[in-house]
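Trainee: Any chance you could fold what I've pasted below:
(2 chains)
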There are 2 protein chains.
Amino acid sequence: MAEEIAGGDLSRLRQLNSLTMVRVLRAGEPATLTELAARAGLSRASTEDVVGALVAQGWVAEVPPVAGAMGRPARRYRFRGDAGHVLGVDIGGHRVRALVTDLDGTVLGRAQTAVAETAGRATRLAAADSVVSEGLRAAGLPAGELWAVGVASSGLVDPGGRVVLSVAIPEWTGLDLAQHFGTTFRGPVVVDNDSRLAALAEQWRGVARYAKDFVHLLAGLRTGVGLVIDGKLHRGFGGAAGEIGALPNVGWIRAQEHLQAWDGEAADLFAAARAGDRSALGAVRRYVRDLSVGTAALVLALDPQMVVLGGGFSRSADVLLEPLRKELDKHCIRTPEVLASTLGEESVALGAVKLALDHVQPQLVP
Amino acid sequence: MAEEIAGGDLSRLRQLNSLTMVRVLRAGEPATLTELAARAGLSRASTEDVVGALVAQGWVAEVPPVAGAMGRPARRYRFRGDAGHVLGVDIGGHRVRALVTDLDGTVLGRAQTAVAETAGRATRLAAADSVVSEGLRAAGLPAGELWAVGVASSGLVDPGGRVVLSVAIPEWTGLDLAQHFGTTFRGPVVVDNDSRLAALAEQWRGVARYAKDFVHLLAGLRTGVGLVIDGKLHRGFGGAAGEIGALPNVGWIRAQEHLQAWDGEAADLFAAARAGDRSALGAVRRYVRDLSVGTAALVLALDPQMVVLGGGFSRSADVLLEPLRKELDKHCIRTPEVLASTLGEESVALGAVKLALDHVQPQLVP
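Mentor: All right, here's what the predicted structure looks like:
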């Protein structure tokens, strides 16, 4: 009995060491065993064992020695980002998108298509399946090569990957997205809310990379919220965190009405405001004023390090950011940094990729 | 060099083992070395070393063997809660309070006194000093016996213990509370916001003991918020988390006006409502309706496991809780459990005690 426990502990320790080594290798340049041992805090002998096993498993590769070096140079190792691949899918109200990346998150294939806002479940899923196939073709990969799939969906999603509630997309409530993609792919399929995944992308590769606490606004015709608190994506007890916009008092329902009152696309409104059109400037001012109320409620509640304006409207940050800052100054005790996302329209799909990558890692050692 | 590092690691390991053992001993009944080794996940030999050192330092005591047991019974050990003492002080708008406890948090002395809301800094500090002395006398302890002091203050407090901003208490902004109490006591003096410390008390000994995420309302003539997220008290980047009530749109400023419009004390209003007085019932309904808006904003943003109604008004939970639940149902996507605090008026002071206790532990091993 005692030996069984010790055996379990040992295997757990080896797994932890492997994960640590993968993290160290992914974070830095190719390195020698001695360097890796120091960075991972492991002994030289353990490092040699762990790296050897990772090479055998295909996770780590030896880097060819530098030509012309004196004597026999020490061997150097790198993480093989190309050892595996993941897929990120973003299913939105009027667009679906797919990104295929390697384990470093380097995009190898991308595809997207417009979907009518009124499109039903079958049409939207068919469009998603089609952009996924197109993304895989662009990456030159068969579906069987994917190690994990991340899916971003509008609405509330339960931990099993089922849409519990969707107001924005017709016939979406009750859909089991994990099951839909699970029939096509072998690896884990993980589903989460689109606004939340945009925040995850921002933490991974965006302007909030070094922020422990931030509020991410997915700003478009609707406003979504993703919260990172103490370095972690905050999902809430029932996965329903971030839905503050549902409360009429915080102004977000009215905020989008100011935009809809404008005759034309939101992008045209922002362009007109940029050009100095007074009616457009008035609409933008009213929109920002209402947007700022809900944002201030979040800032006052959480006192985050920064607020990130993401989503489609982040392209118009030049006309939105400064007014938003000023409005927040009126409401807040401490106005945090207000920054525009630089991830563009792929932020949600990129968050889905990160979600998939986060679910690859724990399966590193079988 | 390598040996120096190993020496540091060893001492760090011993410290961690000591802390683990203290945690294990504090959490459970007196136990034998074998039982403690299992609970702490340490070897029998390490356990004997660590417990021996803790006995020598006065943190742990041997329990007298049970009389009449057969053979020589194994020695049993317990944590010595009486090995040290801490002080918790609550400086509020119209009352100051002190609690003196042992390291288990058992209250040995308490004192409180009313202070006029208009009282200035000197008067209020003198009242605080006086209840602290009274509390120490009641506990039969000299001031030098305190190992740490926790102070709860209205307003925003910086990590160094200075009041950055106070709206509720006159002449309070800018006061260095850590310095004030630091001149009297030798141990660490830690200061934090009263609403936040009430949430800490609730997590420690209240109805939120088993909740990872909850919103605590310190409900009185003002409404304060304390947030526990992922098991940790959320302070925010600038220590300003929980100030959502400052936003007029969430209704809390107006909520207190409904109470002030009633001719008499809030407790009388609640009593009249309890007795069925229609005018009182109307005022309570209007109060709860406005209180629920800000509460819903927090619930929608964070999706907590529960909302705890604490503070002075928690005594009137019988007339407040059910209407609050109903209003939240109207606004929220997922209404969490809504519970009344059972800690009563000492909750803030108890949170200050917990803050002090949290600052004793890391100094366990010199």
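
Trainee: so where do the helices sit in the stretch 201-350 of chain A?
Mentor: A:252-260, A:266-274, A:278-302, A:317-331, A:347-360 (DSSP state H, counting those that start in this stretch).

Trainee: So what's the gap between the longest one and the chain middle?
Mentor: Just to be clear, that refers to helix A:278-302. 25 Å (Cα atoms, centre = their mean, to the nearest Å).

Trainee: What number of residues are in the vicinity of the closest residue to A:Gly84 other than its chain neighbours?
Mentor: Closest residue in space to A:Gly84, ignoring its immediate chain neighbours: A:Trp147 at 4.3 Å, by Cβ to Cβ, 6 or more residues apart in numbering or on different chains. Where you see a C-beta, it was placed from the backbone N, CA and C, and this is true even at glycine. The number of residues packed near A:Trp147 is 20, by other Cβ atoms under 10 Å in any protein chain shown.

Trainee: Surely A:Trp147 forms part of a helix?
Mentor: No. Read with DSSP: H, G, I helix; E, B strand; the rest coil, A:Trp147 is strand and lies in no helix.

Trainee: Now A:Glu337: closest residue in space that isn't a chain neighbour?
Mentor: A:Met306 (4.1 Å).

Trainee: Can you read off the pLDDT for the one you found?
Mentor: Note for A:Met306: predicted pLDDT of 98.

Trainee: try A:Leu364
Mentor: For A:Leu364, the model assigns a pLDDT of 57.

Trainee: residues from chain A in reach of chain B?
Mentor: A:156, A:165, A:212-213, A:225, A:227, A:229-230, A:232, A:234-247, A:249-251, A:293, A:296-298, A:300-305, A:331, A:333-334, A:336 (Cβ under 8 Å from any Cβ of the partner chain).

Trainee: Show the buried residues in those.
Mentor: A:156, A:213, A:225, A:227, A:229, A:234-247, A:249-251, A:293, A:296-298, A:300-305, A:331, A:333-334, A:336 (16 or more other Cβ atoms under 10 Å in any protein chain shown).

Trainee: Out of the helices of the stretch 201-350 of chain A, which one sits most buried?
Mentor: helix A:347-360 (a mean of 27; mean count of other Cβ atoms under 10 Å in any protein chain shown).

Trainee: and that helix, what other elements does it pack with?
Mentor: strand A:85-91, strand A:95-102, strand A:146-153, strand A:189-193, helix A:194-205 (3 or more Cβ pairs under 8 Å, 6 or more residues apart in numbering or on different chains; DSSP states H and E).

Trainee: can you give me the angle it makes with strand A:85-91?
Mentor: Interaxial angle, helix A:347-360 versus strand A:85-91 (axes from the mean of the first three to the mean of the last three Cα atoms, to 10 degrees): 140 degrees.

Trainee: Check the offset of helix A:347-360 from the chain's centre.
Mentor: 5 Å.

Trainee: relative to strand A:146-153, how tilted is it?
Mentor: Using the same axes, to 10 degrees: helix A:347-360 against strand A:146-153 is 140 degrees.

Trainee: ok, and what's touching helix A:347-360?
Mentor: Contacts of helix A:347-360 with the rest of the structure, by Cβ atoms under 8 Å, 6 or more residues apart in numbering or on different chains, involve A:84, A:86-90, A:92, A:97-99, A:101, A:103, A:105, A:110, A:147-152, A:187-188, A:190, A:192, A:194, A:196-202, A:204-206, A:218, A:310-311, A:341, A:343.

Trainee: how far away is A:Gly231 from B:Val228?
Mentor: According to Cβ to Cβ, to the nearest Å, A:Gly231 and B:Val228 sit 16 Å apart.

Trainee: So for the two, which sits in the more crowded spot?
Mentor: Neighbours per residue (other Cβ under 10 Å) separate A:Gly231 from B:Val228, with B:Val228 holding more: 24 against 10.

Trainee: Where does the record place the domain boundaries for chain A?
Mentor: Recorded structural domains for chain A (assignment: automatic domain parsing) are A:2-82, A:84-197+A:347-363, A:207-342.

Trainee: In the stretch 251-366 of chain A, what residue lies closest to chain B?
Mentor: Residue nearest to chain B within the stretch 251-366 of chain A: A:Asp303 (2.5 Å; Cβ to the nearest Cβ).

Trainee: the helices in the stretch 51-200 of chain A, which residues?
Mentor: For the stretch 51-200 of chain A, the helices defined by DSSP H, counting those that start in this stretch occupy A:121-139, A:177-182, A:194-205.

Trainee: Check those helices for me and report the most buried one.
Mentor: Comparing the helices of the stretch 51-200 of chain A by mean neighbour count (mean count of other Cβ under 10 Å), helix A:194-205 ranks first with a mean of 27.

Trainee: Pull the residues that contact that helix.
Mentor: A:90-92, A:105, A:150, A:152-154, A:208-209, A:211, A:214, A:216, A:218, A:224-228, A:233, A:235, A:241-242, A:308, A:310-311, A:341, A:343, A:347-348, A:350-355.

Trainee: which regions of chain A sit below the pLDDT cut-off?
Mentor: A:1-10, A:66-70, A:361-366 (pLDDT under 70).

Trainee: now with 80?
Mentor: A:1-13, A:65-73, A:361-366 (pLDDT under 80).

Trainee: most remote residue from it's center?
Mentor: A:Gly71 (45.8 Å; Cα atoms, centre = their mean).

Trainee: Tell me how far that residue lies from A:Glu35.
Mentor: Relative to A:Glu35, A:Gly71 is positioned 18 Å away (Cβ to Cβ).

Trainee: rewinding a little: need the helices and strands packed on helix A:347-360 in a markdown table (columns: distance to A:Glu62).
Mentor: Below are the helices and strands packed on helix A:347-360 laid out as a markdown table (distance: least, Cβ to Cβ, whole Å):
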| stretch | distance to A:Glu62 |
| --- | --- |
| strand A:85-91 | 22 |
| strand A:95-102 | 19 |
| strand A:146-153 | 22 |
| strand A:189-193 | 32 |
| helix A:194-205 | 28 |
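
Trainee: So for A:Pro30, which of those sits nearest?
Mentor: strand A:95-102 (16.6 Å; Cβ to Cβ).

Trainee: hmm, who's touching the closest one?
Mentor: A:81-90, A:107-115, A:124, A:127-128, A:131-132, A:134-136, A:138-139, A:141, A:146, A:345-346, A:348-350, A:352-353, A:357.

Trainee: CA atoms of it as PDB?
Mentor: Provided in PDB are the C-alpha atoms of strand A:95-102 (Å, rounded to 0.1, in the frame of the first residue of the first chain):
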ATOM      1  CA  ARG A  95     -20.100  36.300 -38.600                       C
ATOM      2  CA  VAL A  96     -18.300  33.000 -37.900                       C
ATOM      3  CA  ARG A  97     -14.600  32.600 -37.900                       C
ATOM      4  CA  ALA A  98     -12.000  29.800 -37.500                       C
ATOM      5  CA  LEU A  99      -8.300  29.900 -36.700                       C
ATOM      6  CA  VAL A 100      -5.900  26.900 -36.900                       C
ATOM      7  CA  THR A 101      -2.700  27.300 -35.000                       C
ATOM      8  CA  ASP A 102       0.300  25.300 -33.800                       C
END
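
Trainee: in its sheet, what does that strand sit against?
Mentor: strand A:85-91 (antiparallel), strand A:107-114 (antiparallel) (DSSP bridges).

Trainee: list the buried ones in the shortest one?
Mentor: Just to be clear, that refers to strand A:85-91. A:85-91.

Trainee: one step back: distance of the residue farthest from the centre of chain A from chain B?
Mentor: Noted for A:Gly71: a distance of 25 Å to chain B, by Cβ to the nearest Cβ, to the nearest Å.

Trainee: for that residue, what are its contacts?
Mentor: Neighbouring residues of A:Gly71 by Cβ under 8 Å, 6+ apart: there are none.

Trainee: For the residue nearest to A:Ala139 when sequence neighbours are not counted, give the beta-bridge partners.
Mentor: Spatially, and ignoring its direct neighbours in sequence, A:Ala139 is nearest to A:Gly109 (3.0 Å; Cβ to Cβ, 6+ apart). Per DSSP bridges, the residues bridged to A:Gly109 are A:Val100.

Trainee: A:Gly109 and A:Arg137 touch, don't they?
Mentor: Yes. The pair A:Gly109 / A:Arg137 is scored as a contact, 7.1 Å apart, by Cβ atoms under 8 Å.
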